[in-house]
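S.K.: Give me the fold of what follows.
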Amino acid sequence: MNYSSHREKLVSGLGGAISIFCVFWLTRFFEQELSASLLLIASMGATAVLLFAAPNAALSQPWNVIGGHTVSGAIGLIIHFLIPDPIIGGALSVGLAITAMHYLNCLHPPGGATSLIPLISGSVIDTYGIFFVLMPVGLGSIAMVLIAIAFNYKLKGRRYPQSLFDEPEPVPHYPNITHEDLVAALNEVDSFTDISEQDLLHIYDIATSRSLRRKP
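M.R.: Numbering: from 1, shown residues only. All right, here's what the predicted structure looks like:
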């Protein structure tokens, strides 16, 4: 369920609108082909949801956004030149993009869409070749991250980027769980979890505190 306030929902929408407007302006300023620009905006629209509706999430962090889009765009471009069939090439580029993002620790779902752009944009991608990875993909993703930092920084409850708010304090002690227990549990799940270890402990702390307050 979505427990966010009306203010939070409206602020998220405003941030998304501002970021997409800026990306549109950048692509027009650098005179990219309109069709490729529109395809990129679709991919960046998904990024805007993460940056402004879920700025605290691991998938929304700067390296995830910039690395995810750039790596995926590069893979899509390479596959475009190697495999002319858009169906086979598209499937391969998305699969490779997911794998690369996993290994490079920059998993970002909209990157999957970015990897498809060279495969479905036709001959327009040949016009600027490798520069597609630098602009609009690279510069566009950097611009969105910078906007998200400026927009989210002073808003209550929004910690973006997460690294600016990580304090070098010791992990609290919990009577029924240890650091080793938590790491073992996460490894046993063996799946990507879009929440940090510290956030999990923080949620556990709040829940146990409420439980203790209810006891007579």
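S.K.: Report the contact partners of the residue positioned nearest the centre of the chain.
M.R.: Central residue of the chain (CA atoms, centre = their mean): residue 60, 3.5 Å from the mean position. Contacts for residue 60 (CB atoms under 8 Å, 6 or more residues apart in numbering) come out as 50, 51, 54, 148, 160. Backbone N, C-alpha and C define where each C-beta goes, glycine included.
S.K.: ok, now with 7 Å
M.R.: When contacts are counted by CB atoms under 7 Å, 6 or more residues apart in numbering, residue 60 is found next to 50, 51, 54.
S.K.: so what's it scoring on pLDDT?
M.R.: Reported pLDDT at residue 60 in the predicted model: 95.
S.K.: Over to residue 144?
M.R.: According to the predicted model, the pLDDT of residue 144 comes to 95.
S.K.: So if we follow the domain assignment, how does the chain break up?
M.R.: Segmentation of the chain into domains, based on automatic domain parsing, reads 6-163, 167-214.
S.K.: any idea which of these is most buried?
M.R.: Most buried of those by mean neighbour count (mean count of other CB atoms under 10 Å) is domain 6-163; its value is a mean of 19.
S.K.: Straight-line length of it, end to end?
M.R.: According to CA to CA, to the nearest Å, domain 6-163 extends 27 Å from its N-terminal end residue to its C-terminal end residue.
S.K.: For the chain, give me the ranges with low pLDDT.
M.R.: Of all residues in the chain, those with pLDDT under 70 make up the ranges 1-3, 31-38, 165-179, 182, 186, 189-198, 210-216.
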